[in-house]
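> I need the structure of the sequence given here:
(4 chains)
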There are 2 protein chains.
Amino acid sequence: MARPRKPLLSRDRIVEAAGALVDAEGLDAVSTRRLAAELGVSGPSLYNHFRNKDEILDAVADAVSVQVDLSMFEESDPRDWREALHDWALSYRAALAAHPHIVPVLARGPGRRPAGLRVADAVFGAMVGAGWPPAQATRIGALMRYFITGSALGSFAGGFVDDESAYDPADYPHLGQAHLLAERRREVDEGAFETGLRALLDGLAMQYGEYGPPGESVRRAPKRP
Amino acid sequence: MARPRKPLLSRDRIVEAAGALVDAEGLDAVSTRRLAAELGVSGPSLYNHFRNKDEILDAVADAVSVQVDLSMFEESDPRDWREALHDWALSYRAALAAHPHIVPVLARGPGRRPAGLRVADAVFGAMVGAGWPPAQATRIGALMRYFITGSALGSFAGGFVDDESAYDPADYPHLGQAHLLAERRREVDEGAFETGLRALLDGLAMQYGEYGPPGESVRRAPKRP
DNA sequence: ACCTGAACACCGTTCAAGT
DNA sequence: ACCTGAACACCGTTCAAGT
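As a prediction, this is how the structure comes out:
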């Protein structure tokens, strides 16, 4: 066959197929040979479009970052940082939850991934715009990513086995109901995320009072901005 | 050679060597052949002691969980849940930070790993003992794990490339200083963890008020269950 | 430029054979 | 019981050859 007059592959086609494979069968299912077969070509063909397999997975991860809504950072009053952060966190988590198997790649950080950098840029810019000192804005970007990727990386409830005999009361006196977690997985994980997000934002709002909103030299502590 | 009169291997020796390899060169460096070579045996020998490679990595992960201090949950007044949670979080994070490459395995949850289950048992038991309703105690265990493993999984600062030209101001107007993050990695990551942990605990303390301290039979209805 | 098959140096795991 | 080498069905990546 050699070279066809119209290319069989493109970066987009490869990323799409790789993403589908990751979603359907997990990261381990993605081998260059398997992926190439799925695309109807031979393994080495992929190397005409990507330098290596990691670059393909990076592109899959970035395609997920593209799904994260950032509009709340442009549209709203900069002083509504709490609400913007809340909405962004929900959107971010939803994007990751839809593609859980790629989260370990995404959690390595933005690197040179454009969409990952856009997310970081938007959050940092919005926090600085809201009056947070740059060092605090950086920390907020970091701690939000910790919490969001941590929640998307491994289901808490799903991390417990669905087998009552695994929880010997002599060893684990308080885990008598743990075997029930698995079947209430969504509920537990989403509840924990909501509780944690609210706690995080409440706590940050308290700290915001220490730094104060921009443009005023004296201010009251915000109750729940 | 065949079978020696004294076994060459033991589960402990294998786990120790695997852990050292993970720490030194990362998860990808652990192959059964490489690990066996490190132990002076042939690859298949490992299968006399573990069912498969995943079981070996699970054991490495559990050896890290063993390092997590849980004494604060036994010693202190149950009402000091906030301080106990704080100290536990620091100990947990320190254990993970010492072995960052195994965190992805650990983040999958306790499964059947004894030390992982002991951690979950201690936190849940302590929160219930402090007066949190069981459903909230579960959520607290979950959200703390999200935050802690998220912070240990990927360095935030280290996730940005150390190359100024990667941050075109036209694309990322607020990331002009991002290339400096890498060299202040520890400071940034630890600062974010401390800020986030404080926010989380402050926020949880606010929610604790909604449920009320233990030992009272009448409490106010929670505003935001 | 873009695909191919062959090749290299690896994998995880199974299994019969050895003591 | 615990180790071995051989074997199976895979890997990621390189490269010369084809059009």
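> so which strand or helix has A:A63?
helix A:53-65 (DSSP states H and E).
> that helix and chain B, are they touching?
No: using Cβ under 8 Å from any Cβ of the partner chain, helix A:53-65 never reaches chain B; the gap is at least 10.5 Å. In this view, the C-beta of every residue, glycine as well, is placed from N, C-alpha and C.
> is DNA strand D within reach of that helix?
Yes: on the criterion Cβ under 7 Å from any atom of the strand, helix A:53-65 is in touch with DNA strand D at A:53-54.
> continuing past the helix or strand bottoming out on mean pLDDT in chain A, what's the next helix or strand?
Scoring the helices and strands of chain A by mean pLDDT, DSSP states H and E places helix A:71-75 at the bottom, with a mean of 92. Using DSSP H and E, the helix or strand that follows helix A:71-75 in sequence is helix A:81-97.
> got the angle for that following helix vs helix A:53-65?
For helix A:81-97 against helix A:53-65, the angle by axes from the mean of the first three to the mean of the last three Cα atoms, to 10 degrees is 130 degrees.
> in the least confident helix or strand of chain A, which residues are buried?
Buried residues in helix A:71-75, defined by neighbour count with 16 or more other Cβ atoms under 10 Å in any protein chain shown: A:72-73.
> send the alpha carbons of that helix over as CSV?
Taking Å, rounded to 0.1, in the frame of the first residue of the first chain, the C-alpha atoms of helix A:71-75 are listed here in CSV:
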residue,chain,number,x,y,z
SER,A,71,-17.0,31.5,30.9
MET,A,72,-17.8,32.3,34.5
PHE,A,73,-14.4,33.9,34.9
GLU,A,74,-15.1,36.4,32.1
GLU,A,75,-18.7,37.2,32.6
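> what packs against the helix or strand encompassing A:E194?
Using DSSP H and E, A:E194 sits within helix A:185-211. Applying 3 or more Cβ pairs under 8 Å, 6 or more residues apart in numbering or on different chains; DSSP states H and E, one finds that helix A:185-211 contacts helix A:81-97, helix A:134-153, helix B:134-153, helix B:185-211.
> show the pLDDT at the closest residue to A:E164 other than its chain neighbours.
Nearest non-adjacent residue to A:E164, counting by Cβ to Cβ, 6 or more residues apart in numbering or on different chains: A:H179, 4.4 Å away. Looking at A:H179, its pLDDT is 97.
> neighbours of the nearest residue to A:M144 once chain neighbours are set aside, just the number please.
Nearest non-adjacent residue to A:M144, counting by Cβ to Cβ, 6+ apart: A:A89, 6.3 Å away. Residues contacting A:A89 under the criterion other Cβ atoms under 10 Å in any protein chain shown number 23.
> hang on, isn't A:A89 packed against A:L197?
Yes: in this structure, A:A89 is within contact of A:L197 by Cβ atoms under 8 Å, at 5.5 Å.
> list residues touching both of those two?
Shared contacts of A:A89 and A:L197 (Cβ atoms under 8 Å, 6 or more residues apart in numbering or on different chains): A:F147.
> residues contacting the least confident helix or strand of chain A, please?
A:83-84, A:87-88, A:122-123, A:125-126.
> remind me which residues of chain A are low pLDDT?
By pLDDT under 70, the weakly predicted segments of chain A are A:1-3, A:212-225.
> show me what contacts the residue nearest to A:T32 when sequence neighbours are not counted?
Beyond its immediate neighbours in the sequence, the residue positioned closest to A:T32 (Cβ to Cβ, 6+ apart) is A:G43, lying 5.0 Å away. A:G43 sits next to A:32-33, A:36 when contact means Cβ under 8 Å, 6+ apart.
> filter the residues you listed down to the buried ones, PyMOL style.
Here is the PyMOL command that selects the buried residues among those (16+ other Cβ under 10 Å):
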select buried, chain A and resi 32+36
